[in-house]
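In: What would the 3D arrangement of this be:
(one chain, ligands or ions: 1)
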Amino acid sequence: MSGVWDVAGGPSARRRFASLARSVRLFRGFLVEQTDPDHFYGLLADDSVRQVGGYSALAGRTVLDVGGGPGYFASAFRAAGARYVGLDPDVGDFSAAGESVAGMVRGSGTALPVQSAVVDVAFSSNVLEHVSEPNRMLDEMVRVTRPGGVLFVSFTPWLSPWGGHETAPWHYLGGDRARRRYQRKMGRSPKNRYRETLFPLSISDVLRWARGNGDVEVLEALPRYHPWWGRWVIRVPGVREIAAWNFLLVLRRVGDEPGGAARKTELTGGRVAM
Ligand SMILES: C[S@@+](CC[C@H](N)C(=O)[O-])C[C@H]1O[C@@H](n2cnc3c(N)ncnc32)[C@H](O)[C@@H]1O
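Out: From the prediction side, this is the model:
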């Protein structure tokens with residue numbers, strides 16, 4: 001992990017990071033996700049840590065990964081010097097990458113077993129669409145983040161080409177129909193079951209939540225995997241649901257540190273116009 005990303009790089013560094021070459025690399029990795037998950041999720045974890053490092057220093061910081069999954073993110077965050085804690089309701093999931101389960105917590109993002117205002121970076125990658133109460137999970141992530149800390153939340157919107165996950169693109173004809181089709185063709189139920197483990201969440205839903213929450217300010221709202229010049233799609237309601245592919249919201253927890261002066265934040269981003 002390059003140390004250069006372990007400091008908040010500011011808008012120009014973030015722009016250099018979001019290159020076309022990076023998007024192509026991620027897309028190629030995504031194409032082999034099923035056959036070579038180690039490659040794709042290792043790539044995604046390294047990429048995510050570098051991206052988070054563009055908003056917050058990581059060395060010595062406490063990172064809570066809500067829905068940490070198979071453990072790929074653990075090694076990437078730890079390599080950047082972070083104190084990483086992964087949380088997932090599924091123990092099998094977070095040990096799949098061969099990681100020890102030490103430093104991992106079993107729990108749900110909707111009721112975090114974590115004290116308030118103790119986390120420097122609350123991170124969640126591709127989890128929110130799997131939660132029946134996404135706003136509750138977002139509120140919980142805000143609660144545990146210290147004032148000045150950063151929240152980094154991404155998910156696949158329902159109307160994204162990959163919104164139906166393994167049932168895509170048939171989800172465009174309806175989630176139940178897509179699920180039935182998958183069952184018929186594959187002889188088994190999909191892992192991501194409509195309205196059981198996969199919910200139709202939109203970018204607009206999450207932006208509405210963010211606007212209504214006085215404890216956070218929006219630093220960035222991005223199509224996560226796009227090059228920087230593709231960011232405009234987020235400003236177009238409707239189009240963004242399809243064209244963003246995966247949505248990333250970067251927030252800063254506002255307010256004073258409990259019991260003292262506010263710790264200087266490393267964040268350099270400004271408010272996002274929405
Ligand atoms: C698609 S995986 C994402 C894993 C990893 N974060 C990534 O980006 O590759 C979704 C994860 O969300 C977890 N999950 C589902 N419901 C959850 C909840 N209520 N709270 C926290 N995690 C949850 C699942 O167990 C699974 O590990």
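In: Quick one: the helices in the protein, in order.
Out: Secondary structure of the chain (DSSP state H): helices located at 10-17, 20-31, 37-52, 72-79, 91-94, 134-144, 175-186, 203-211, 239-243.
In: Just the CA coordinates for the last one, please, in CSV.
Out: Looking back up the chat, that one is helix 239-243. What follows is helix 239-243, C-alpha atoms only, in CSV (Å, rounded to 0.1, in the frame of the first residue of the first chain):
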residue,chain,number,x,y,z
VAL,A,239,-30.2,8.8,-15.1
ARG,A,240,-28.0,8.3,-12.0
GLU,A,241,-29.9,5.3,-10.9
ILE,A,242,-29.0,3.4,-14.0
ALA,A,243,-25.7,5.0,-15.0
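In: what residues does the protein put near the ligand?
Out: Contact residues, the chain versus the ligand (Cβ under 6 Å from any ligand atom): 41, 66-69, 88-90, 93, 108-110, 125-127, 130-131. In this view, the C-beta of every residue, glycine as well, is placed from N, C-alpha and C.
In: run the last query once more with 5 Å
Out: 67, 69, 88, 90, 93, 108-109, 125-127, 130-131 (Cβ under 5 Å from any ligand atom).
In: Quick one: buried ones out of those?
Out: For the residues of the chain next to the ligand, a burial check counting by 16 or more other Cβ atoms under 10 Å picks out 67, 69, 88, 93, 108-109, 125-127, 130-131.
In: Confidence-wise, which of those comes last?
Out: Within these, Asp93 has the lowest pLDDT, namely 58.
In: Arg14 against Gly53, yeah?
Out: No - if you go by Cβ atoms under 8 Å, Arg14 and Gly53 don't touch, sitting 9.8 Å apart.
In: So between these two, which is more surrounded?
Out: Gly53 (28 against 21; other Cβ atoms under 10 Å).
In: and the gap between the more buried one and Leu43?
Out: 16 Å (Cβ to Cβ, to the nearest Å).
In: same thing with Glu129?
Out: In this view, Glu129 and Leu43 are 21 Å apart by Cβ to Cβ.
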